[in-house]
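Novice: Pasting a predicted model and its sequence here:
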Amino acid sequence: MSLFFDYTLDGIANGMVYAALALALVLIYRATRIINFAQGAAGMLTTFIAFSLLSRGLGYWWAFVLVLVIGFAIGAVTERLLIRPLHGKSELNPVIVTIGLLVVFEGLAGTIYGNASRGFPAAFSQRGLRVGSTTLAFSHFDVFILIAVLALMAATLVLFRYTALGLRMRASAFHREIAQLLGVRVGILLTLGWGLAGIAGSLAGLLVAPTSAFGPYYMDLILVYGFTAAVIGGLESPVGALVGGLISGLVISYVGGYFGSGLEPIGALVLLLVALMARPEGIFARPAARRV
Amino acid sequence: MLEVRDLSVSFGAVQALRSVSFDAEAGAVTAVLGANGAGKTTLLRTLSGLVKPLKGSVRFEGDALLGRRVESIARLGVAHVPEGRGVIEELTVEENLRLATLWCLHKRERQDAIAEILELFPRLQPFRRRHASMLSGGERQMLVLGRALISRPRLLLLDEPSLGLAPLVTASLMALLREQTETKGITVVLVEQNARSALSVSHRAVILNLGQVVVSDDAATLAADDALRHHYLGF
Amino acid sequence: MTVHAQTALRWLRLPRQPLLRHLPVALVAGVVLYEVTLHLSSYDDYQVGEIASYVVALAGLSLLTGVNGQISLGHGAFMAVGAYTMGLLMNHTAGNFVLELVAATGVAAAAGLVIGLPATRLKGPYLAGMTLLFALAVPSIADKWPNTFGGDQGLTTTVPTAPGSLTAEQWLTQIQILGALIVMVLLANLLWSRYGRGFRAVRDDEIAAALAGIHLVRTKTMAFTISAGCAGLGGALLALSTGVVNTGEFPLTLSIQLLAAMVLGGTGTLIGMVWGGILLVYLPQWSTSLSNGFNLGSGGNAYLATIIFGVVLIVAMLAAPNGIQGGLRWLWAHRPRPGAGSRQPPDEVSTDDESNATERIRRSDAKTTVEA
């Protein structure tokens, strides 16, 4: 029973990271109907930049914030230069472009930073929290993950629901043409959407780095787990990203725990297949959602 | 005043508009009539910037419209209510209206403007904070008309507002349209398949056939000309 | 004749005309290539063989993505399935290597069926994501059971003895080339048959195809299965030629490189896959010399090749979605002719290749704007 509890806590912590990546995918999908397969790799690249900065002595939080900004920039530039020209053509083309970008980022990281495995420092202690006489499988760093991702989610929801900018972004995502006819500068908002997604992706990269084998490919699995989370939650819903992330995190944690580590990708694949067969539109699908 | 000169649009091999020229005056409704596929919708989409023409010129109160982005044409005071109404269903009624005010009104003025429109269309009041997907056809038409009017447009382009609406609803909307046009001095271009109701509310009428202007006259004169009506408009 | 014999004959009765056209071309190519292998150095033979194996896998991918419109980011994994099957059979059975190749193809095709069935419900990006996850999951199976699958070292394959005076290298290369020719002829015939028309119809408009009586699930699954079988065969052939099978050979980047090679070669074409194979085999070498120029070190070579593949994908999508073969066909169609000006080739081009999805979609773009 205590194993179950441990796996659950582990699943929650991991699930939050998947949720962050899922949020990035949701933001982009809502705005441009594209899955940005390069999102994980972009997060990886910015985390490598953080690593460089930290090795040069920059304070952790300075590096943290700077890297989120760089993530924003990468996302915005990607949309403007690579995705915008493809608007209106086959829906396969942007998919392939983001895949190309994925390998370019991984290649860049590998070329610049080389092959050697590194450790990425954690902002907080990774030892389990002590509650009374027991040590939980939930560390200070895990608490940080929880707070950081929840804060990001809250900020996103506030942005979308209560600000004029959020209204414009939602309108541009739901019905680009009508928004244009109402004077909304849709182009800039799309770029902004990709930029915000970049922030979420960078955050995911920073949160995962301390606990993983930190190399150019470390975000590959996080990307597909985040994708699974986004699909479960419904690709249109930030709240769905959170819920989907938690579900994915838990399922993957249980699979790894009870069936042996190394089988998590299979577990995720099965979860994804089940979700896609049972409810492809996701849990939080909008009934009046725009049909492609 | 809207001046359209020699407007030509083609989609690949299909020529949708051929050298279309006409004028529309301020404070008046100009109807654009014709059969399905005559080019009426293409005309409006070209005016609002959604479609780029091959050649021609469009001037509205001194500003050239062609070649600008859709958003910037809208910000000149051009409101296009497209075919199918274009209600954003995922937003509430209030959000739909508020969206239209973001570029032209200050924060303080927005609430008042929304209230004004809801007075104009009391049917929408109960749906203020509900998703626009809940609205009926007639209510949606009110919403998009209100959304167009809230930005105090100088040029209003309406594409088949009566489509799918009951005659009574259409009549009351048309009456409201005429009244707003005259009191606010808006230039209105009204595309309609329902020529009868369009002629009853318009001051001038233009008939398109196969992308060309075949008739351009006062609405009253056209309505009285049986032969012309039968030939082009079917009644 | 018995019912069974009749059914068997019906299966064998490929459309006659295309077969008569494709076979001679393949035979001539086969003879030419045979001669070539005898005169190349051992290393060059090895590379030609590699290209042939990749062509097999790429042809399947081109069928799936270009002709049937289903994108797959998991074909590296299907190659792994074929390669590992080959490795396991060679190590645990004493069968004929041809039978083992066929078995590897079959197992990979079965895997394709398993993935392809749920895939029929997915569109574009969803399908891409699912196959991406598949590509990551398959190697983890091999890692999980290192005893069966050979762990880091992997499995070794035995080289079949070369007949007559051929060297081992020449024999291996010829096997791979033969495999490629057989697959190309079979796929070319398939594309010309009603099945091929079904694939294209489903790609172009699923609803219209269904209304025309085409069974969507069956068609899409069939394309997936065949495509996976081709990838498996390609992987098995490569396993035969390199002599070893381990998970390091089949990372996610392989699947993406296959995609890049297919796009560059010409999505939806078959002959174009030769360009793709050349890219796959020679790009890493070329990038190695490039990276040596930059002094990037051993890790840097592989990464530089990866960057270039990615750039190829991006640039191709933005500037040249039809790839090399598409460009060549465009040039051929617009070549200067005495008398009449250049005319547009018909939709069903009368070669064994296929007009690709992006071309079709560009034409349908014109359609959608007219609805305005």
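Specialist: Received the coordinates, thanks.

Novice: Spell out which parts of the stretch 101-250 of chain C neighbour chain A.
Specialist: The stretch 101-250 of chain C has residues C:118, C:121-126, C:128-130, C:132-134, C:136-137, C:140-141, C:143-144 near chain A, with proximity defined as C-beta under 8 Å from any C-beta of the partner chain. Using the backbone N, CA and C atoms, a C-beta is placed for each residue, glycine as well.

Novice: again, 10 Å this time
Specialist: Residues of the stretch 101-250 of chain C that fall close to chain A, judged by C-beta under 10 Å from any C-beta of the partner chain: C:114-115, C:117-119, C:121-130, C:132-141, C:143-145.

Novice: Of those residues, grab the buried ones for ChimeraX.
Specialist: Selection of buried members from those for ChimeraX, criterion 16 or more other C-beta atoms under 10 Å in any protein chain shown:
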select /C:115,117,118,119,121,122,123,124,125,126,127,128,129,130,132,133,134,135,136,137,138,139,140,141,144
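
Novice: Give me the neighbour count for C:Arg335.
Specialist: Residues near C:Arg335, counting by other C-beta atoms under 10 Å in any protein chain shown, number 8.

Novice: Using the three-state scheme, assign C:Arg166.
Specialist: Slight slip there: residue C:166 is Leu, not Arg. coil (DSSP: H, G, I helix; E, B strand; the rest coil).

Novice: C:Thr242 versus the nearest residue to it once chain neighbours are set aside, what's the distance?
Specialist: Nearest residue to C:Leu166 in three dimensions, chain neighbours excluded: C:Gln174, at 7.4 Å (C-beta to C-beta, 6 or more residues apart in numbering or on different chains). Plainly put, C:Gln174 is 16 Å away from C:Thr242 if you go by C-beta to C-beta, to the nearest Å.

Novice: before we move on, back to that, identify the residues contacting the residue nearest to C:Leu166.
Specialist: C:30, C:33-34, C:37-38, C:45, C:48-49, C:52, C:162-163, C:166 (C-beta atoms under 10 Å, 6 or more residues apart in numbering or on different chains).

Novice: what are the phi and psi angles of it?
Specialist: phi -70, psi -40 (degrees, to the nearest 10).

Novice: pLDDT at it, what is it?
Specialist: Note for C:Gln174: predicted pLDDT of 88.

Novice: now B:Leu149
Specialist: Value listed for B:Leu149 in the pLDDT field: 92.

Novice: count of residues packed around it?
Specialist: Look at B:Leu149: counted by other C-beta under 10 Å, it has 24 neighbours.

Novice: who's in contact with it?
Specialist: B:79, B:81, B:97, B:100, B:113, B:116-117, B:120-121, B:156, B:176-177, B:180, B:184, B:186.

Novice: go on, B:Ser72?
Specialist: A:180, A:183, A:185, B:49, B:65, B:78.

Novice: one step back: buried subset of the contacts of B:Leu149?
Specialist: B:79, B:81, B:97, B:100, B:113, B:117, B:120-121, B:156, B:176-177, B:180, B:186.
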